[in-house]
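Student: need coordinates for the following:
(chains A, B and C)
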Amino acid sequence: MIQSNQPNVYESIYLVVAQIPIGYVTSYGRIANMIPGSSARLVARAMSQIPDDSTIPWYRVVSSTLKIAKFPGSDRQRVKLISEGVKISEGLKINPSHLWKPG
DNA sequence: CGTTTGACGCGGC
DNA sequence: AGCCGCGCCAAAC
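Tutor: Here you go, the predicted model:
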C-alpha cells in the first residue's frame, strides 16, 4: 500500500506505474485502489499527461476489462505491448495471463 | 474560488 | 453481449 506522502497524487501514480514489470499490464482502477485519494479517472488523466519521451511505461495501463482504451495513441500502445510479448486479440483484449499481480 | 475534465468502473437493464 | 447512468476526485481551467 502506497501512501500519498508525495506533494501530489500524480507522483504516487507514476511511482506505481513504474513498478509494472515488462510484459505485464494492470488497470487504471487497480492502480487507483493502491493509492488512497486516487481514482480510476484520475489515473487515466495522469496517463494522458505523460510526454512521449518519458520512461514511465504508461502503455502497461489498460482498462479493467483488459482492453486497450480507445484514444488517439491506442495504436502506439498496442505496438509497444506486442513488442514486449503481450498477447492481444482482435478486440484489443489482452490475455489475462499478463495481468500484473503485485507481491 | 467554482466548474469542468478524463486513456475509468460497475451495476443495472 | 452491449449500452446507459452515476460515482469517482485531484488537477486543470
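
Student: going by C-alpha atoms from here, please, whenever you check contacts or count neighbours.
Tutor: OK.

Student: any idea how far the residue sitting nearest the centre point of chain A is from DNA strand B?
Tutor: Residue closest to the average C-alpha location in chain A (Cα atoms, centre = their mean): residue A:61, at 1.7 Å. Distance, residue A:61 to DNA strand B, using Cα to the nearest atom of the strand, to the nearest Å: 6 Å.

Student: and what of residue A:93?
Tutor: The gap separating residue A:93 from DNA strand B is 12 Å, by Cα to the nearest atom of the strand.

Student: give me phi/psi at residue A:99?
Tutor: phi -70, psi 130 (degrees, to the nearest 10).

Student: distance of the spatially closest residue to residue A:93 that is not a sequence neighbour relative to residue A:39?
Tutor: Leaving out its chain neighbours, the residue that sits closest to residue A:93 by Cα to Cα, 6 or more residues apart in numbering is residue A:67, at 4.4 Å. Distance of residue A:67 to residue A:39, computed by Cα to Cα, to the nearest Å: 18 Å.

Student: and what of residue A:70?
Tutor: On the measure of Cα to Cα, residue A:70 and residue A:39 end up 19 Å apart.

Student: mind checking which of these two has more residues around it?
Tutor: Each of residue A:70 and residue A:39 has its neighbours counted (other Cα atoms under 10 Å); residue A:39 has more, 18 against 10.

Student: pull the contacting residues for that one.
Tutor: For residue A:39, the contact set (Cα atoms under 8 Å, 6 or more residues apart in numbering) comprises A:28, A:29, A:32, A:33.

Student: might you report the residue contacts of the last one?
Tutor: Counting by Cα under 8 Å, 6+ apart, residue A:33 touches residue A:39.

Student: report whether whichever helix or strand it is part of contacts DNA strand B.
Tutor: Take DSSP states H and E as the rule and residue A:33 turns out to sit in helix A:28-34. Yes. On the criterion Cα under 7 Å from any atom of the strand, helix A:28-34 is in touch with DNA strand B at A:28, A:29, A:30.

Student: burial count for the closest residue to the first one other than its chain neighbours?
Tutor: In this case it means residue A:28. Distance criterion Cα to Cα, 6+ apart; nearest residue to residue A:28, sequence neighbours excluded, is residue A:40 at 4.9 Å. Neighbour count for residue A:40, taken as other Cα under 10 Å: 17.
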